[in-house]
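> Here is the input, now give the coordinates:
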Amino acid sequence: MRDSSAEILTVLSGSQTPHFEMDVLYDNEVVLSHVPITGVQINDDASGAIETSGSVTVVWQDDYGQSMTPREIGDVFSPFGTELAIYSIVGVGSSFSYRVPLGIFPIFDVPSARDETALFRGYEVVAGSVVELSFKDRFLLVQRNRFDVPGVPASLDSVYAELMRLTGLQMTQSIPDGPITRKVVYEEDRLQAVYDLAAVLDATPCLTPDGTLTLRPKSAGGPVATLVRGEDGTILNVGQSMTSEGVYNRVAFRGKTDDKTAIFAASEVTSGPLRTRNDDGTLSPYGTATTFLTSDYVTNSIQAQAYVDRELPRVSRLGAREVPVDVLFNPLFELGDVLELERYDRTITGRVKSISRSSSGRMPMKLEVLGG
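Predicted structure coming up:
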């Protein structure tokens, strides 16, 4: 959850209409500041390699009749290096206003742009420009930058140092650093290499609101907030869903040691509804659902067994499901946050897997339920 002040928390406890603005950056320098934006749609999804994407619309009116419609590489809103630093404006009237940073995003596409013109003393002048912009997070730049030839880590001393070398991004250290357990060969996909390196620390790479690289632990932490229903609550609606997709009762690892000896390890659920077999050895009602793991950083059978034993509880939670929840807009929540939902019948604890932000005042999220 993003850091905040007591004033922001007080404002967010009630209903408000979200407002957004942005700064336009090029080469980390501010080109335009405090630009109002409309049609804001920002989607965070923890299941994607690029976690954040979205779109905004700029309605530009220039005192000198300048067009902001991009036509050439290098124009202000062209999708060739320009980035958008987007903020949610939280406040009450003119007495209190605060910019909550949502992220720094490279422009990916300009799906539509047009100039509104008018006649002035017989000349056609630009009265304003309407520019629609699509964007993704900075992992887009990492994904584009594929390896020319297979490579290896520059050093095995630090995962953080290697992540910075591969991405070119500054890092915010969120969990303890550690050594790389094996000198692996990077193939073509640089972003996949970043995800593989983060897995050495049992984490997922992600980006902070200021655009720096950090790591989100795969294991859930404690709740950062409790959401309630009712007149003074922020929950608008809580749904219910359940699926067997992505739920496994057996985890297997296949790999090789440094001398190319095969490594295999497996772990499975032996009791309860997700058991693989009945007591008499016959197949259980759910059957066997196996997910296979591999990692270049696992070098022996002991590490492999620890890996599958660690992953099994994550993929075989009883009642594993996603709960869709609609809440009042809150710019402070992030992917990976653990939230408590106070329902009429019980309290649900879940980890945020997706967030959809817009100007509507409603903020749909999906939570992965923890603990059944």
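
> I'd like the mean pLDDT over the longest helix along the chain, please.
Ordering each helix of the chain by length in residues (DSSP state H) puts helix 301-315 first. Averaged over helix 301-315, pLDDT sits at 94.

> what does the domain assignment say about this structure?
6-137, 143-217, 225-242+320-369, 250-313 (automatic domain parsing).

> which helices and strands does the longest helix of the chain pack with?
With contacts taken as 3 or more C-beta pairs under 8 Å, 6 or more residues apart in numbering; DSSP states H and E, helix 301-315 sits against strand 250-256, strand 262-268, strand 290-293. Any C-beta I mention is one placed from the backbone N, CA and C, and that applies to glycine too.

> Which element is encountered next along the chain beyond that helix?
Counting by DSSP states H and E, the element after helix 301-315 in chain order, helix or strand, is strand 322-328.

> Show me which positions of that following strand end up buried.
Residues of strand 322-328 classed as buried by neighbour count (16 or more other C-beta atoms under 10 Å): 322-323, 325, 327-328.

> Nearest the geometric middle of the chain, what residue?
E51 (3.6 Å; C-alpha atoms, centre = their mean).

> Please report the distance of it from G221.
E51 sits 18 Å away from G221 when distances are taken as C-beta to C-beta, to the nearest Å.

> Select the helix or strand of this protein having the lowest average pLDDT value.
Least confident helix or strand of the chain, by mean pLDDT, DSSP states H and E, is helix 6-12 with a mean of 72.

> helices or strands up against it?
strand 82-92, strand 96-120.

> Is it possible to get a markdown table of these that adds distance to L215?
Shown next, in a markdown table, are the helices and strands packed on helix 6-12 (distance: least, C-beta to C-beta, whole Å):
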| stretch | distance to L215 |
| --- | --- |
| strand 82-92 | 22 |
| strand 96-120 | 16 |
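
> out of those strands, which comes closest to S360?
Nearest to S360 among the helices and strands packed on helix 6-12 is strand 82-92 (13.2 Å), distances taken as C-beta to C-beta.

> Partner strands of the closest one, with direction?
strand 19-26 (antiparallel), strand 96-120 (antiparallel) (DSSP bridges).

> What are the buried residues along that strand?
In strand 82-92, counting by 16+ other C-beta under 10 Å, buried: 82-90.

> Could you single out the nearest of those residues to S129?
T82 (15.0 Å).

> Just grab the bridge partners of the closest one for me.
Y26.

> What distance do you get for it to F253?
Applying C-beta to C-beta to T82 and F253 gives a distance of 43 Å.

> Over to E83?
Using C-beta to C-beta, one obtains 39 Å as the distance from E83 to F253.
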